[in-house]
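Undergrad: Next one to model:
(one chain, ligands or ions: 1)
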Amino acid sequence: MTDTSNLDTLERDVLSQIEAAGNEAGLDEIRVSALGKKGSVSLMMRELGKMSPEERQVMGPALNGLKTRLNDAITARKDTLENAALDAALASETVDISLPVRPQPQGSLHPITQVMEELAVIFADMGFAVAEGPDVEDDFHNFTALNFPEGHPARDTQDTFFMQPDADGNRKVLRTHTSPVQIRTMLEQKPPIRIIAPGRVYRCDWDQTHTPMFHQVEGLVIDKDTHMGHLKGVLLDFIAAFFETDKVEAQFRPHHFPFTEPSAEMDVKYERVGQAVKVGQGDKWMEILGCGMVHPNVIRNCGLDPDEYQGFAFGMGVDRLAMLKYGAPDLRDFFNSDKRWLAHYGFSPLLQANLATGLS
Ligand code: PHE
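TA: Next comes the predicted model:
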């Protein structure tokens, strides 16, 4: 019984079964049939008790060695099968992380769009809503209600584009400023009113700093005790936010507009740096906008009592603000639709203007 040749045969047989096992369940069956309670190796180990000490000395280590080698072979095969299963899963469940995340935007925001959004953000922060009016206006909203007397020469100073007269002989105009939105707002809303009105305006003019269509933003505040101090505070805060500086120096120069009394133009101190300007430094004055207290006649024309309500208005050129802030030298380029110009002066459509992370 000390012949270990049948052990060798058994070992070869089980090893080749292990090698041939195609999955973990099959491998486990082999393990049970050899090393399980009633497995072939276990049964042989039970025989050890009946052996003579000499026989046991030979067969004991032989069987233990066999058991260890089979266990090792099973563990190794199990690893191989597990790795193969993992490889198969990885191959069939791949995510191609080399795919592009998102196509790059092809277009860019026009500087005027950018500045309009900046204006809306700044004034929204001060409690202003955005109002709109039509580009084709009637004489009443563009002139009469704004206190331009009939036949008054002030109507000619605006280089007005007139439409063909209608059946009654009334000629509409392309609005020459955004001030008619003041009238529309006061006719439609009850005070307190606090709006800005950005939009296109039209005047017959064409040179480096004038185009027949350009953009303005109007501001209007009407309440019971609004005064020029409020006007000044709002405009200084606006300039500081827009030009991203806290050292604004401004002066209010007396001026004339039919729809405000008193009227002023606001100048700010600036310095030219290349094509752009730096506001808040330097020693030159630059006119930025027109403003004033809304004329009592305008308030009356909108059905409000000027003894009860008063307020201020201001208006400024958006294109000019864009030229100043972003340093484009010729206004006409703004409307040439040249993609190279837009690529240079445009803004990412994914970066929204906001006061928290900066405007531009
Ligand atoms: N409408 C004026 C212009 O176009 C600007 C302005 C608006 C002035 C409001 C005073 C008050 O020049």
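Undergrad: Check this protein for the residue nearest the ligand and tell me.
TA: Using C-beta to the nearest ligand atom, the single residue of the chain nearest to the ligand is residue 315, 2.6 Å away. Bear in mind the C-beta positions are built from the backbone N, C-alpha and C, glycine included.
Undergrad: Skipping its backbone neighbours, what lies nearest that residue in space?
TA: Residue nearest to residue 315 in three dimensions, not counting chain neighbours: residue 218, with 4.9 Å by C-beta to C-beta, 6 or more residues apart in numbering.
Undergrad: who's in contact with that neighbour?
TA: Counting by C-beta atoms under 8 Å, 6 or more residues apart in numbering, residue 218 touches 177-179, 181-182, 195-198, 313-315.
Undergrad: Let's see that with 10 Å instead.
TA: Neighbouring residues of residue 218 by C-beta atoms under 10 Å, 6 or more residues apart in numbering: 131, 133, 177-182, 185, 195-199, 201, 313-316.
Undergrad: thinking again about what came up before, unless I'm mixing things up, the residue of the chain closest to the ligand is touching residue 321, no?
TA: No - using C-beta atoms under 10 Å, residue 315 makes no contact with residue 321, being 11.9 Å away.
Undergrad: And the next helix or strand past the one helix or strand residue 285 maps to?
TA: Per DSSP states H and E, residue 285 falls inside strand 284-294. As assigned by DSSP H and E, the chain's next helix or strand after strand 284-294 is helix 296-301.
Undergrad: List the buried residues for that following helix?
TA: 296-299, 301 (16 or more other C-beta atoms under 10 Å).
Undergrad: Output the contacting helices and strands for it.
TA: helix 180-188, strand 260-273, strand 310-317 (3 or more C-beta pairs under 10 Å, 6 or more residues apart in numbering; DSSP states H and E).
Undergrad: which strands and helices sit next to the second one?
TA: Under the contact definition 3+ C-beta pairs under 10 Å, 6+ apart, strand 260-273 sits against helix 228-242, strand 250-257, strand 276-279, strand 284-294, helix 296-301, strand 310-317, helix 318-326.
Undergrad: May I see the ones you listed organised as TSV, with mean pLDDT added?
TA: Below are these laid out as TSV (pLDDT from 0 to 100):
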stretch	mean pLDDT
helix 228-242	95
strand 250-257	95
strand 276-279	82
strand 284-294	94
helix 296-301	98
strand 310-317	97
helix 318-326	89
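Undergrad: For the closest residue to residue 243 other than its chain neighbours, which residues are in contact?
TA: Nearest residue to residue 243, sequence neighbours excluded (C-beta to C-beta, 6+ apart): residue 279, at 3.9 Å. Taking C-beta under 10 Å, 6+ apart as the contact definition, residue 279 lies against 239-240, 242-245, 247-250, 268-271, 286, 288, 324-325.
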